[in-house]
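Trainee: need coordinates for the below:
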Amino acid sequence: MSEDHRDRIHGEITGEIRGACFELHPRLGDGFLENVYANGTAVLLKHRRLAIRREAAAETTVGLLCNFGVSAEFKRLISTNGHIGLTS
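Mentor: Down below sits the predicted model:
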């Protein structure tokens, strides 16, 4: 798989995850335990027909960390040629 194709696929997947989180946050607001947001996000991702494995090790080059507070925040972990970087 070419690097451009892989980047596009990762962008589409992380876009779906971010969309689900942005959809969930206004519904719930802030102040709940992490598990409430994780379960809600999982339900929305299933409605979007995405198979998920929460907090499971996977052989992938992109990871997404979603934090729910006053607003939803994201950090994307990217592994390229053995180097790991964190982006907002």
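
Trainee: which stretches of the chain form strands?
Mentor: Under the criterion DSSP state E, the chain carries strands at the ranges 62-68, 72-80, 83-87.

Trainee: just the pLDDT at the nearest residue to Leu65 once chain neighbours are set aside, thanks.
Mentor: Spatially, and ignoring its direct neighbours in sequence, Leu65 is nearest to Lys75 (4.4 Å; C-beta to C-beta, 6 or more residues apart in numbering). (Glycine included, C-beta is placed from N, CA and C.) Here, the pLDDT recorded for Lys75 equals 72.

Trainee: how near is Lys75 to Asn67?
Mentor: Distance of Lys75 to Asn67, given as C-beta to C-beta, to the nearest Å: 8 Å.

Trainee: from His47, how far off is the closest residue to Leu50 other than its chain neighbours?
Mentor: Excluding the flanking residues, the one nearest Leu50 by C-beta to C-beta, 6+ apart is Glu16, at 5.8 Å. Note on Glu16: its distance to His47, by C-beta to C-beta, is 11 Å.

Trainee: out of the two, which sits in the busier spot?
Mentor: The neighbour comparison of Glu16 against His47 (other C-beta atoms under 10 Å) goes to Glu16, with 15 against 10.

Trainee: go ahead and confirm the more buried one touches Arg49.
Mentor: No. Counting by C-beta atoms under 8 Å, Glu16 does not reach Arg49; the two are 9.3 Å apart.
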